[in-house]
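> kindly return the folded structure for what I paste below:
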Amino acid sequence: MERTIDLNGIPTAYTLERKRVKNVNLRVHGGALFVSAPRWIPLAAIESFLRSRADFILGALERTAGTALPCAEGEALFWHGRALTLALGRASRVSLRVEGDVLRLALRAPDDGESVRRALDKCFRAESEALCRAALERLWPRFAALGVPRPEIRMRSMRSCWGNCRPAKRVVTFNARLAAVPEDCVEYVVAHELTHFLHADHSPAFYAALACVIPDWQARRRRLRAFSSVLND
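Got it, this is the predicted structure:
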């Protein structure tokens with residue numbers, strides 16, 4: 001049975017199997033969560049257990065998800081919403097730059113796929129964080145006026161969402177792949193998560209508050225959804 005549960009504000013998919021076991025067991029493999037449980041344990045009890053292990057589960061999912069970013073010369077990938085062709089070069093330090101329709105990555109071992117993946121991950125994470133911080137600076141005056149505390153920004157690999165907010169801890173976490181999408185979509189994601197400091201749910205009041213900051217949020221959300229494959233490519 002395929003199900004989805006909210007773990008620390010992150011929609012998380014899992015596979016549930018009813019088996020002849022004594023307890024609820026969980027296993028994380030390949031960026032996926034598998035749960036087995038006795039038939040007599042109610043679903044509510046199973047999901048309560050998963051929520052109690054949310055930090056462990058999310059950490060394990062991130063560690064095992066790996067990356068599927070293109071790593072070969074000539075492959076296509078998105079950068080700031082544009083489809084670019086990856087070109088590899090040799091250099092003593094990792095660098096990434098755009099030249100026309102080409103994204104040039106330089107590193108010590110361009111012929112080693114794993115080294116290319118790690119270098120791309122590092123560049124995407126750094127650029128995603130820079131974009132999120134810049135968006136926060138632009139948006140912050142509007143939210144500060146409403147009493148929203150300045151949050152701590154974190155970046156992580158996510159397979160099911162672009163960001164999440166934990167108001168109690170004053171932390172917003174953003175997807176390390178956001179550098180792939182247009183900048184106005186990054187701004188929408190940041191505004192969306194900051195609005196959760198005002199409204200924890202996605203009620204009409206939430207979207208009314210979001211519209212005060214990003215009037216065209218619906219159009220931006222539609223553009224962002226066009227890049228959903230980036231989460232699971």
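> in the longest helix seen in the chain, which residues are buried?
Determined from DSSP state H, the single longest helix within the chain is helix 113-144. By neighbour count on 16 or more other C-beta atoms under 10 Å, the buried set for helix 113-144 is 116-121, 123-125, 127-129, 131-132, 135-136, 139, 143. Heads up, the C-betas are built off the backbone N, CA and C, glycines and all.
> other SSEs contacting it?
Under the contact criterion of 3 or more C-beta pairs under 8 Å, 6 or more residues apart in numbering; DSSP states H and E, helix 113-144 touches strand 95-99, strand 102-107, strand 152-156, strand 171-175, helix 183-195, helix 204-213.
> just put these in TSV and tack on mean pLDDT, mean neighbour count and distance to residue 4.
As requested, the helices and strands packed on helix 113-144 are exported to TSV (pLDDT from 0 to 100; neighbours: other C-beta atoms under 10 Å; distance: least, C-beta to C-beta, whole Å):
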stretch	mean pLDDT	mean neighbour count	distance to residue 4
strand 95-99	95	13	34
strand 102-107	95	19	33
strand 152-156	92	15	19
strand 171-175	93	23	17
helix 183-195	97	23	19
helix 204-213	96	15	20
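> so which of the ones you listed gets nearest residue 80?
Proximity to residue 80 (C-beta to C-beta) singles out helix 183-195 among the helices and strands packed on helix 113-144, at 6.3 Å.
> what's the domain layout of the chain?
Domain assignment for the chain, taken from automatic domain parsing, gives 2-65, 76-232.
> per-stretch mean pLDDT over those domains, give me the minimum one.
Per-stretch mean pLDDT for the domains of the chain is lowest at domain 2-65 (a mean of 84).
> and that one, how far out from the chain's middle?
Distance of domain 2-65 from its chain centroid, counting by C-alpha atoms, centre = their mean, to the nearest Å, is 19 Å.
> and if you look at stretch 156-163?
2 Å.
> so the residue nearest the centre of the chain versus residue 126, what's the distance?
Nearest residue to the geometric centre of the chain (C-alpha atoms, centre = their mean): residue 175, 2.7 Å. Note on residue 175: its distance to residue 126, by C-beta to C-beta, to the nearest Å, is 14 Å.
> what does residue 167 give?
For residue 167 relative to residue 126 (C-beta to C-beta), the value is 26 Å.
> just residue 55 next, same as before
Using C-beta to C-beta, one gets 25 Å for the distance from residue 55 to residue 126.
> then residue 53?
From residue 53 across to residue 126, the span is 31 Å (C-beta to C-beta).
> so what's the gap between stretch 109-121 and the chain middle?
Counting by C-alpha atoms, centre = their mean, stretch 109-121 is centred 21 Å from the centre of its parent chain.
> just the CA trace of it, in PDB.
Written as PDB, here are the backbone C-alpha positions of stretch 109-121 (Å, rounded to 0.1, in the frame of the first residue of the first chain):
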ATOM      1  CA  ALA A 109      38.700  14.600 -12.700                       C
ATOM      2  CA  PRO A 110      36.100  15.300 -15.400                       C
ATOM      3  CA  ASP A 111      36.400  11.700 -16.600                       C
ATOM      4  CA  ASP A 112      35.100  10.300 -13.300                       C
ATOM      5  CA  GLY A 113      31.300  10.300 -13.100                       C
ATOM      6  CA  GLU A 114      31.100  10.200  -9.300                       C
ATOM      7  CA  SER A 115      33.400  13.200  -9.100                       C
ATOM      8  CA  VAL A 116      31.300  15.100 -11.600                       C
ATOM      9  CA  ARG A 117      28.100  14.300  -9.600                       C
ATOM     10  CA  ARG A 118      29.700  15.500  -6.300                       C
ATOM     11  CA  ALA A 119      30.900  18.700  -8.000                       C
ATOM     12  CA  LEU A 120      27.500  19.400  -9.500                       C
ATOM     13  CA  ASP A 121      25.800  18.800  -6.200                       C
END
